[in-house]
Each structure stands twice: as C-alpha cells, then as structure tokens.
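Engineer: Everything below, folded, please.
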Amino acid sequence: QLQLVESGGGLVQPGGSLRLSCAASGFTLDDYLMGWFRQAPGKEREGVSAIGNSAEQTYYLDSVEGRFTISKDNAKNTVYLQMDKMKPEDTAIYYCGAAFLKGSQDPTNPMEYDYWGQGTQVTVSA
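Structural biologist: Predicted coordinates for the structure are as follows:
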C-alpha cells in the first residue's frame with residue numbers, strides 16, 4: 001500500500017528554519033516525481049518545490065527560490081524540504097505528493113500527482 005507521511009511542521013519565528021520530511025512506503029522514489037505543495041486558508045494549493053528522478057531535476061516557486069531546498073534520500077525513501085529565512089507568508093499546511101514519472105509533467109500542477117500525504121501545519125509568527 002502506497003503511503004506518504006509528512007512530519008516536521010510547527011511554529012517558527014520569522015527568519016527561522018524548519019525541515020519537513022516526507023516518508024514514503026510502498027513504492028520507490030526514483031519512479032516518481034515528488035513534490036511539496038502548500039495551502040493557506042482561503043487559497044488554492046500551490047506547488048512549492050519538486051524533485052525528479054535525478055537530484056539535479058528540481059523546481060522551486062519563485063517566492064521560495066534561494067530559501068528552500070528540496071532533497072531526497074533513496075536509502076530512507078524520504079524526501080525533505082529545508083526551509084530557511086522563513087516569512088509569515090510561508091504559513092500554510094504543507095503537503096507531500098507523488099506523481100508516477102511519465103514523460104513531460106508540470107511539477108506545479110496538483111492534478112499531476114497521484115498520491116498525497118495528510119499534511120503538516122507550518123506557522124511563521126513572532
């Protein structure tokens with residue numbers, strides 16, 4: 001059974017850091033595009049970052065470029081999102097998604113993703 005479990009969310013002050021983890025089971029990361037999305041109250045889910053088969057294949061939302069870093073550990077079957085220099089506008093529920101690799105895909109489109117985790121709350125506030 002394929003499952004994604006996020007962890008690492010919490011409350012952090014502006015300028016602080018958090019690292020989110022997405023533990024995958026039931027499939028191999030190399031077969032999937034792995035993405036992090038977030039959804040704030042009253043807003044649509046937006047793609048924050050994604051990583052493909054190769055660790056060099058990454059995508060970042062413009063507003064997090066240079067502050068967030070996505071990575072994966074195939075041995076642990078886990079994807080990470082390191083978030084630094086955090087801002088109040090980063091506050092949202094963060095979701096991990098998995099999309100079976102099938103040629104050209106839009107990493108920012110949630111409709112491309114086949115599986116989702118339950119989400120983890122991230123709050124940036126003084």
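Engineer: Pull the contacting residues for the spatially most central residue of the chain.
Structural biologist: Centroid-nearest residue in the chain, with C-alpha atoms, centre = their mean: residue 36, separated by 1.9 Å. Taking C-beta atoms under 8 Å, 6 or more residues apart in numbering as the contact definition, residue 36 lies against 20, 22, 47-50, 70, 79, 81, 94-97. (Glycine included, C-beta is placed from N, CA and C.)
Engineer: want to throw those residues into a markdown table with distance to residue 31?
Structural biologist: As requested, the contacts of residue 36 are exported to a markdown table (distance: C-beta to C-beta, whole Å):
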| residue | distance to residue 31 |
| --- | --- |
| 20 | 21 |
| 22 | 15 |
| 47 | 20 |
| 48 | 22 |
| 49 | 19 |
| 50 | 15 |
| 70 | 17 |
| 79 | 13 |
| 81 | 20 |
| 94 | 23 |
| 95 | 20 |
| 96 | 16 |
| 97 | 14 |
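Engineer: got CSV for those, with secondary structure, neighbour count and distance to residue 110 too?
Structural biologist: Shown next, in CSV, are these (DSSP: H, G, I helix; E, B strand; the rest coil; neighbours: other C-beta atoms under 10 Å; distance: C-beta to C-beta, whole Å):
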residue, secondary structure, neighbour count, distance to residue 110
20, strand, 24, 17
22, strand, 27, 15
47, strand, 20, 7
48, strand, 25, 11
49, strand, 25, 13
50, strand, 25, 11
70, strand, 22, 16
79, strand, 28, 16
81, strand, 26, 16
94, strand, 23, 13
95, strand, 23, 9
96, strand, 27, 12
97, strand, 24, 7
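Engineer: Take those residues and lay them out in CSV including pLDDT and distance to residue 62.
Structural biologist: Listed next are the contacts of residue 36 as CSV, based on pLDDT from 0 to 100; distance: C-beta to C-beta, whole Å:
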residue, pLDDT, distance to residue 62
20, 98, 19
22, 98, 22
47, 97, 11
48, 98, 11
49, 98, 11
50, 97, 14
70, 98, 15
79, 98, 21
81, 98, 16
94, 98, 17
95, 98, 19
96, 98, 21
97, 98, 19
